[in-house]
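**Q** got a sequence here, can you build the structure:
(one chain, ligands or ions: 1)
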Amino acid sequence: MNSKKIHLKSFGCQMNKLDSSLLAAALTENGWEMTDSPAEADVVVINTCSVREHAEQRVFSHLGHLQHLKKSRPRLLVAVIGCMAQRLGPQLLEHPAVDLAAGPEQLHEVPALLQQAIEERRKILAVTETIRRPADSPDVHTVSEKLDEFEVAYDSDENHLKSQAFIRAMRGCNNFCTFCIVPYVRGPEVSRPPKVILQQAQKLAERGIQQITLLGQTINSYRYTENGRTYTLADLLEMVSQIDSIRWIHFITSHPAKMEDSVFEAMARLPKVCPYLHMPAQSGSDTILKAMNRGYTARQYLDLIEKARSIVPDLAVTGDFIVGFPGETEEDFEATADLIQKVRYKNCFIFKYSPRPGTYADKRLEDNVPAEVKQQRNIRLLELVNKIAEEDNRRFLGKTLEVLVEGPSKKPHLNKAESVDQPQLIGRTAHDYIVVFNGPAELAGRFVQVRISKTSALTLFGEISPR
Ligand code: SF4
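**A** Residues are numbered from 1 along each chain as shown. Okay, the predicted model is just below:
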């Protein structure tokens with residue numbers, strides 16, 4: 001056992017956050033001490049994201065700082081793990097600050113690789129040579145088993161908020177949307193056995209977790225065949241629902257082309273499955289959707305939303321959009337704005353297109369929308385999304401909502417008075433609305449009733465209601 005200090009910095013999506021927390025638990029169990037300060041660390045690990053150019057630039061700027069730090073602390077060891085490590089491989093190792101690069105499929109090996117890098121004092125590369133291979137190849141099976149073992153072993157309390165936990169239902173993606181790097185860095189789609197997911201959910205429930213979110217790049221593609229039976233996402237939702245102390249279940253992210261009614265029916269039938277759907281459209285223009293290889297038209301997407309709302313009437317829908325995709329005209333952009341107006345999303349993430357090396361869009365499509373046009377369109381869509389959310393959220397004024405408390409609010413909301421025993425708390429409703437109110441910090445992890453007295457596009461404000 002050693003007692004060296006390690007600083008772990010994580011970029012990117014919920015999958016990455018989960019990977020980081022599993023790794024932190026594994027390292028702590030192996031005698032490492034976690035530190036928030038890179039300056040006092042013996043090892044710095046950066047868990048990276050490749051989905052947007054901006055995320056990679058931030059990693060490189062971070063590596064620049066570490067290179068500088070290494071001048072005064074030459075024994076500092078720097079590891080880059082995750083999607084960027086898989087994407088760039090040996091190129092990343094050429095960076096003077098980097099000692100170890102390990103991809104997402106090597107997550108379980110990182111503690112041992114760090115030890116090896118320390119002992120041997122040489123650069124180490126651990127990535128998958130051919131990441132795009134069939135999901136049923138023996139190699140994928142072996143890797144999945146090892147990652148599953150790692151996940152079950154290190155899914156500790158520290159990985160989650162007091163009240164809620166994330167469980168990976170599947171890894172990878174087979175969709176090859178033309179803008180997306182994920183299939184090239186996270187490999188083929190593999191669903192985890194329902195038995196393992198259920199065991200994890202059970203264990204978390206025993207520790208007091210009340211909300212579970214099932215994770216997958218296209219969670220509604222979940223399929224696992226065992227003893228002649230194929231389990232789907234609807235089956236998983238049903239199974240997790242049966243755990244007594246779990247109150248709320250979410251699942252992200254849904255792909256419109258893969259959606260089945262059984263998921264909406266499960267939502268309507270099972271009270272614990274929250275009426276919340278994150279289903280990115282990416283664009284409202286059929287020309288752009290085709291160029292993105294999304295597999296649906298705007299009409300099909302709208303019909304799907306209509307059907308979902310006919311089965312689950314109070315469904316809250318969130319989405320992602322890319323503006324400035326190659327060839328996007330003003331007319332295409334207007335079609336996206338039109339779709340947003342029709343769906344009336346609870347909230348959307350809007351991204352400016354940036355080519356990701358190695359993707360179809362990067363190789364075959366010209367990034368021909370000027371940066372200022374992308375910026376303009378980004379602002380216009382954000383304004384539209386916020387306007388809709390602001391209008392729709394007013395319906396909550398005077399209503400009392402059930403809220404699962406996450407804990408003290410990190411961003412102070414200026415309109416709220418705060419006292420030592422009644423700090424500003426943050427929580428979420430079953431529909432994933434953010435609610436801010438004052439109350440004792442001990443409420444973290446508990447359900448409370450909050451009467452809403454003020455609303456904005458992204459946040460609801462209120463007071464704890466005695467009822
Ligand atoms: S569905 Fe498309 S956007 Fe989502 S991870 Fe897969 S390739 Fe990327």
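
**Q** CA atoms for contacts and neighbours, from now on please.
**A** Noted.

**Q** contact residues of this structure facing the ligand?
**A** Cys173, Asn175, Phe176, Cys177, Cys180, Val182, Pro183, Gln217, Thr218 (Cα under 6 Å from any ligand atom).

**Q** CSV for those residues, including neighbour count?
**A** CSV is the format used below for these (neighbours: other Cα atoms under 10 Å):
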residue, neighbour count
Cys173, 23
Asn175, 18
Phe176, 16
Cys177, 20
Cys180, 22
Val182, 22
Pro183, 20
Gln217, 24
Thr218, 25
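
**Q** closest to Ser21 out of these?
**A** Gln217 (18.5 Å; Cα to Cα).

**Q** do I have it right that the closest one meets Asn174?
**A** No - counting by Cα atoms under 8 Å, Gln217 does not reach Asn174; the two are 9.5 Å apart.

**Q** what sits against Phe325?
**A** Taking Cα atoms under 8 Å, 6 or more residues apart in numbering, we find Phe325 in contact with Ile288, Lys352, Tyr353, Asp367, Val369.

**Q** hey, where'd the strands end up in the stretch 351-467 of the chain?
**A** For the stretch 351-467 of the chain, the strands defined by DSSP state E, counting those that start in this stretch cover 400-408, 424-428, 434-438, 447-455, 459-464.

**Q** can you tell which of the ones you listed is closest to Val78?
**A** Using Cα to Cα, the nearest of the strands of the stretch 351-467 of the chain to Val78 is strand 400-408, at 32.6 Å.

**Q** pairing partners for the closest one, with directions?
**A** strand 424-428 (antiparallel), strand 447-455 (antiparallel) (DSSP bridges).

**Q** comparing those, which comes out most buried?
**A** strand 424-428 (a mean of 23; mean count of other Cα atoms under 10 Å).

**Q** contacting residues for the residue of the stretch 251-400 of the chain found nearest the ligand?
**A** In the stretch 251-400 of the chain, no residue comes nearer to the ligand than His255, which is 6.3 Å away by Cα to the nearest ligand atom. For His255, the contact set (Cα under 8 Å, 6+ apart) comprises Thr218, Ile219, Asn220, Ser221, Met279, Pro280.

**Q** the contacts of Phe325 in helices, which ones?
**A** If you go by DSSP state H, the contacts of Phe325 have Ile288 in helices.

**Q** pull the most distant pair out of the contacts of Phe325.
**A** The largest separation in the contacts of Phe325, counting by Cα to Cα, is between Ile288 and Lys352 at 14.1 Å.

**Q** and the two? Which one has more around it.
**A** Neighbour comparison, Ile288 and Lys352: the larger count goes to Ile288, with 22 against 18 (by other Cα atoms under 10 Å).

**Q** report the separation between that one and Ser456.
**A** According to Cα to Cα, to the nearest Å, Ile288 stands 32 Å off from Ser456.

**Q** scan this protein for its longest helix.
**A** Among all segments of the chain classified by DSSP H, the helix with the greatest residue count is helix 371-393.

**Q** identify the residues contacting it?
**A** 323-324, 333, 337, 340-341, 344-348, 350-353, 455-458, 460.

**Q** stretch 349-368 too?
**A** 50-53, 178-181, 292, 319-327, 374-375, 378, 381-382.

**Q** chain center to that stretch, what's the gap?
**A** 21 Å (Cα atoms, centre = their mean, to the nearest Å).

**Q** just the endpoints, please. Distance across that stretch?
**A** For stretch 349-368, the end-to-end distance is 22 Å (Cα to Cα).

**Q** now that stretch: buried residues?
**A** 350-357, 359-362, 365, 367 (16 or more other Cα atoms under 10 Å).

**Q** wait, what's in contact with the nearest residue to Ile464 once chain neighbours are set aside?
**A** Closest residue to Ile464 apart from its sequence neighbours, by Cα to Cα, 6 or more residues apart in numbering: Val450 at 4.4 Å. In this structure, Val450 makes contact with Thr400, Leu401, Glu402, Val403, Phe437, Gly462, Glu463, Ile464, Ser465, judged by Cα under 8 Å, 6+ apart.

**Q** cutoff 7 Å now
**A** Contacts for Val450 were tallied using Cα atoms under 7 Å, 6 or more residues apart in numbering; they are Thr400, Leu401, Glu402, Val403, Gly462, Glu463, Ile464, Ser465.

**Q** and the residue nearest in space to the middle of the chain, how far from the ligand?
**A** The residue lying closest to the centre of the chain (Cα atoms, centre = their mean) is Gln14, at 2.7 Å. Taking Cα to the nearest ligand atom, to the nearest Å as the measure, Gln14 falls 12 Å from the ligand.

**Q** give me phi/psi at that residue?
**A** phi -60, psi -30 (degrees, to the nearest 10).

**Q** could you do Ala337 as well?
**A** Backbone torsions for Ala337, taken as degrees, to the nearest 10, come to phi -60, psi -40.

**Q** so who does it touch?
**A** So Ala337 contacts Leu381 (Cα under 7 Å, 6+ apart).

**Q** and the gap between it and Ala25?
**A** According to Cα to Cα, Ala337 stands 44 Å off from Ala25.

**Q** can you redo the contacts of His255 as TSV, where the extra columns are pLDDT and secondary structure?
**A** Formatted as TSV, those follow (pLDDT from 0 to 100; DSSP: H, G, I helix; E, B strand; the rest coil):
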residue	pLDDT	secondary structure
Thr218	97	coil
Ile219	98	helix
Asn220	97	helix
Ser221	97	helix
Met279	98	coil
Pro280	98	coil
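
**Q** of all those residues, which two lie farthest apart?
**A** Using Cα to Cα, the two most remote members of the contacts of His255 are Ser221 and Pro280, lying 14.6 Å apart.

**Q** which of these two has more neighbours?
**A** Between Ser221 and Pro280, Ser221 has the larger neighbour count (other Cα under 10 Å), namely 22 against 19.

**Q** hang on, that one packs against Lys258?
**A** Yes - under the criterion of Cα atoms under 7 Å, Ser221 makes contact with Lys258 at 6.2 Å.

**Q** what segments of the stretch 101-250 of the chain are strands?
**A** Per DSSP E, counting those that start in this stretch, the stretch 101-250 of the chain carries strands over the ranges 124-126, 164-168, 170-171, 190-191, 211-215, 223-226, 229-232, 248-252.

**Q** comparing these by mean pLDDT, which bottoms out?
**A** Looking at the strands of the stretch 101-250 of the chain, the lowest mean pLDDT belongs to strand 164-168 (a mean of 91).

**Q** direction included, what does that one pair against?
**A** Here strand 164-168 is paired, per DSSP bridges, with strand 211-215 (parallel).

**Q** what does the partner strand rub up against?
**A** Applying Cα under 7 Å, 6+ apart, the external contacts of strand 211-215 come out as 163-170, 246-253.

**Q** re earlier: any of the contacts of stretch 349-368 buried? List them.
**A** 50-52, 178-181, 292, 319, 321-326, 374, 378, 381-382.

**Q** thinking again about what came up before, could the strands paired with strand 400-408 be laid out in TSV, adding mean pLDDT and distance to Gln199?
**A** Shown next, in TSV, are those (pLDDT from 0 to 100; distance: least, Cα to Cα, whole Å):
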stretch	mean pLDDT	distance to Gln199
strand 424-428	95	26
strand 447-455	98	24
